[in-house]
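Enquirer: With the input below, show me the fold.
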Amino acid sequence: MRIAIPGKKKLFDIGMILLAAVLLMIIYKPLGRVINPFIYALVLAYILNPLVNFLEKRKMNRIVAILIVFLLLFGIIGIAFATIIPSLTGDLSGFIEDIPNIVNFVEKLIGDLRAGEIAFIPEEVQDYLNVEDQLDRLGEFLKRAFSGIFNVLVNSTGTLLDIIITPIITLYYLKDKDKILKALTEDIPKSGVTKMKEFGKDMDKVLGGFIKGQLTIAAFVGVLTGVGCFFIGVPYALTIGLVAGITNIIPYFGPWLGGILPVILGFMERPLMALWVIILIVVIQQIEAAFLSPQIMSHSVGLHPLLVMFSVLFFGSMFGIIGMIIGVPLMGILKILLGYLKELRNRVKTE
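Expert: Residues are numbered from 1 along each chain as shown. Next comes the predicted model:
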């Protein structure tokens, strides 16, 4: 029996892959310290590219289109820093200073509940559910959830170097998009490039639809929650709106996380205010659930609601609050990838 020996080119490719894997393990830590602006820039370029393409289709030079888009972006950021950001910073600073009081209030409330002041729950049910243990778990969950949210807010700002270099890298991504794609695919057979383009289009449909839709929903919920709490009289309305918008990116569970904070703050003022906050949140979430979310979930990611919930819980357990946010699009991409692998497997079997 003759044993097929791989050709020199295949051996070289295998050797290069192994070498790259070894180098990656060696440079893993220093790479982690410098990769962030490249990831931020890739996300930003992905978001801005449709607008650049739109201007380019209107017979505008791509470089000019990129510069116009950047001017618009910096103009929006400048207006935000001149109007919204100072108020938000002051509101957020006051809220952070008030966190010990909020924690003490919640601990006192939980202590009162443990002391037996939950007469509306029969004693037999309390014993069966082990209410004290459940309250401990709820307290830990809330602590992790809110610390995760504020860690995301703080860490996402990055260092000054990241903030400066990210727009520069984004500009190069947008300007040399075709060159970068050509360099990555020049050694791949034509049929493989065609399949990669199909996969890229499908992935773009999932990611693009989800990101645009979820950002729209987050803005809607965040603004309405913040404005509603402001008129009700709940303190830190801007911070409440920010937290509600960020947490609402998490399907199904996000509204609960974002709704806890204004209810607690309203209850600290007076119980009736907490009731008005609950009514406000229920109305906003009903509007969002009835008109916006179904369109986003069904048309962009194409996942069954059960799979959406599983994605949020699974990736959330792996990566925390970030995993809950990116879990649904990741599952959508995995679904597409599995479809292509199944097609490849069927093709191999028939050949």
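
Enquirer: At which residues are the helices of the stretch 101-250 of the chain located?
Expert: Using DSSP state H, counting those that start in this stretch, the helices of the stretch 101-250 of the chain run over 123-129, 131-155, 160-175, 177-185, 190-232, 237-247.

Enquirer: Tell me what angle the longest one forms with helix 237-247.
Expert: Using axes from the mean of the first three to the mean of the last three C-alpha atoms, to 10 degrees, the inter-axis angle of helix 190-232 relative to helix 237-247 is 150 degrees.

Enquirer: quick one: least confident helix or strand in this structure?
Expert: Among the helices and strands of the chain, helix 123-129 carries the lowest confidence by mean pLDDT, DSSP states H and E, at a mean of 53.

Enquirer: Next, the contact list for the closest residue to residue 239 other than its chain neighbours, please.
Expert: Leaving aside its sequence neighbours, residue 239 sits nearest to residue 95 (C-beta to C-beta, 6 or more residues apart in numbering; 4.5 Å). Heads up, the C-betas are built off the backbone N, CA and C, glycines and all. Shown in contact with residue 95 (C-beta atoms under 8 Å, 6 or more residues apart in numbering): 235-236, 239.

Enquirer: Can you tell me which of those residues is nearest residue 185?
Expert: residue 239 (46.0 Å; C-beta to C-beta).

Enquirer: circling back to that earlier point, between the helices of the stretch 101-250 of the chain, which gets the lowest average pLDDT?
Expert: For these, the weakest mean pLDDT is recorded on helix 123-129, namely a mean of 53.

Enquirer: Could you tell me the angle between the helix or strand harbouring residue 279 and helix 190-232?
Expert: Using DSSP states H and E, residue 279 maps to helix 271-287. Helix 271-287 runs at 150 degrees relative to helix 190-232, counting by the same axes, to 10 degrees.

Enquirer: how about helix 271-287: buried residues?
Expert: Buried residues in helix 271-287, counted by 16 or more other C-beta atoms under 10 Å: 273-274, 276-277, 280-281, 284-285.

Enquirer: again with stretch 50-63
Expert: 51-52, 55-56.

Enquirer: same question, stretch 64-71
Expert: Per 16+ other C-beta under 10 Å, stretch 64-71 contains these buried residues: 65-66, 69-70.

Enquirer: and which of those residues is nearest residue 231?
Expert: residue 69 (35.8 Å).

Enquirer: got the angle for the helix or strand where that closest one lies vs helix 190-232?
Expert: With elements taken from DSSP H and E, the one containing residue 69 is helix 62-114. In terms of direction (the same axes, to 10 degrees), helix 62-114 departs from helix 190-232 by 50 degrees.

Enquirer: now helix 62-114: how far from the chain's centre is it?
Expert: Centroid separation between helix 62-114 and its chain, computed with C-alpha atoms, centre = their mean, to the nearest Å, is 16 Å.

Enquirer: distance of residue 337 from residue 78?
Expert: Going from residue 337 to residue 78 by C-beta to C-beta, to the nearest Å gives 40 Å.

Enquirer: Over to residue 42?
Expert: In terms of C-beta to C-beta, residue 42 sits 24 Å off from residue 78.

Enquirer: Of those two, give the one with the bigger neighbour count.
Expert: residue 42 (14 against 11; other C-beta atoms under 10 Å).

Enquirer: From the rest of the structure, what touches the helix or strand harbouring the more buried one?
Expert: Assigned by DSSP H and E, residue 42 belongs to helix 36-57. If you take C-beta under 8 Å, 6+ apart as the criterion, helix 36-57 is touched by 62, 64-66, 68-69, 73, 158, 161-162, 165-170, 173-174, 177, 207-208, 211.

Enquirer: contacting residues for the nearest residue to residue 171 once chain neighbours are set aside?
Expert: The shortest distance from residue 171 to any non-neighbouring residue, by C-beta to C-beta, 6+ apart, is to residue 66 (6.3 Å). By C-beta under 8 Å, 6+ apart, the residues touching residue 66 are 52, 171, 174-175.

Enquirer: State the distance from residue 66 to residue 215.
Expert: 21 Å.

Enquirer: Check the contact between residue 288 and residue 219; I expect there is one.
Expert: No. In this structure, residue 288 is not within contact of residue 219 by C-beta atoms under 8 Å, at 11.2 Å.

Enquirer: what about the two, which has more around it?
Expert: Using other C-beta under 10 Å as the criterion, residue 288 and residue 219 rank with residue 288 on top: 19 against 13.

Enquirer: Now do the same for that one: its pLDDT.
Expert: 77.
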